[in-house]
Every structure is written in structure tokens, then in C-alpha cells.
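[1] Sequence first, then the predicted structure:
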Amino acid sequence: MSLKVLRKHLGVIMKSITSMGTLREYIIEQIKDPEEAEAYLRGALDEYAEYRDLEVFLLALRTITVAQGIGFLAQKTGVTPQILFKILSSQRTPRWETMEVLFKGLGYKAAPKPNVPTVH
């Protein structure tokens, strides 16, 4: 992609963001689409795998939860909204079992991914 085309796309994105308010609002609107939410979560997992920044990963989960609705996730997981906010607050590290419950409630499952691309 040429620099000119890239600048044009960036301009369109920035106009969209400006008209929607904050970047967070823009992201929330985008990840209401299940495919976008999956890509966003995969990106957050990749970042966590590389930098081990749990706070950033939990922020991504909180954002997806807001986009899908905290009530929806509470209903799917059987966990109250108050407890969900505590889990996702990054004030303490959630247990693996808790993360599995959240993933399942959001419609995902935790699955291993190879570190290097496979060659076919």
C-alpha cells in the first residue's frame, strides 16, 4: 500500500473516530461485530504473550464486555456484574479457571497457538 493510500485511509479513520467521540467509543462500536471482537481479543492475547502486560489484556476483555453488554456476560456466566467488574479491574490476577469462564461467556475458548507460523 502506498503512503498516499495509507494517509487517505488514516484520514477516514480519524474522521470516523472524531465523529463518534473517543477512541474507546470507536473501538466499542467496532467490536460489536463478532469477527472484529475476535480479532481484537486475538491481538490482545498476542500482546500479552509478547509483553506479559496483564492490565492491557484485561482492558481488552473489559472493552469487549462493554461492547457485548455486562448483563449479557453476567447471564451467560452466572457471575454478577459486580464480580465481573472486580475480575476485570486488573487489581488482582484472575485465576485460569476464571478466565476460562469469561472466555466461554464471551463465546470463545482458550486454545493453544503455535509460536511460529507453520510451513506447508
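    Here it is on my side, so go on.

[2] which intervals of this structure have sub-threshold pLDDT?
    Confidence mapping of the chain against pLDDT under 70 gives the ranges 1-21, 112-113, 116-120.

[3] Kindly report the domain assignment for it.
    With automatic domain parsing as the criterion, the domains of the chain are listed as 1-30, 33-111.

[4] right, so the ones you listed: which one is the most enclosed?
    Among the domains of the chain, domain 33-111 has the highest mean neighbour count (mean count of other Cβ atoms under 10 Å), at a mean of 15. C-beta: built from backbone N, CA, C; applies to glycine.

[5] ok now that domain, how far from the chain's centre?
    Domain 33-111 has its C-alpha centroid displaced from the chain centroid by 7 Å (Cα atoms, centre = their mean, to the nearest Å).

[6] Now do the end-to-end distance for that domain.
    21 Å (Cα to Cα, to the nearest Å).

[7] for stretch 72-85, same thing?
    13 Å.

[8] Give me every residue in contact with it, excluding its own residues.
    Outside stretch 72-85, the residues that touch it by Cβ atoms under 8 Å, 6 or more residues apart in numbering are 65, 70, 71, 87, 101, 102, 104, 105, 106.

[9] Please repeat the previous calculation with a cut-off of 10 Å.
    Outside stretch 72-85, the residues that touch it by Cβ atoms under 10 Å, 6 or more residues apart in numbering are 61-62, 64-66, 68-71, 86-88, 98, 101-107.
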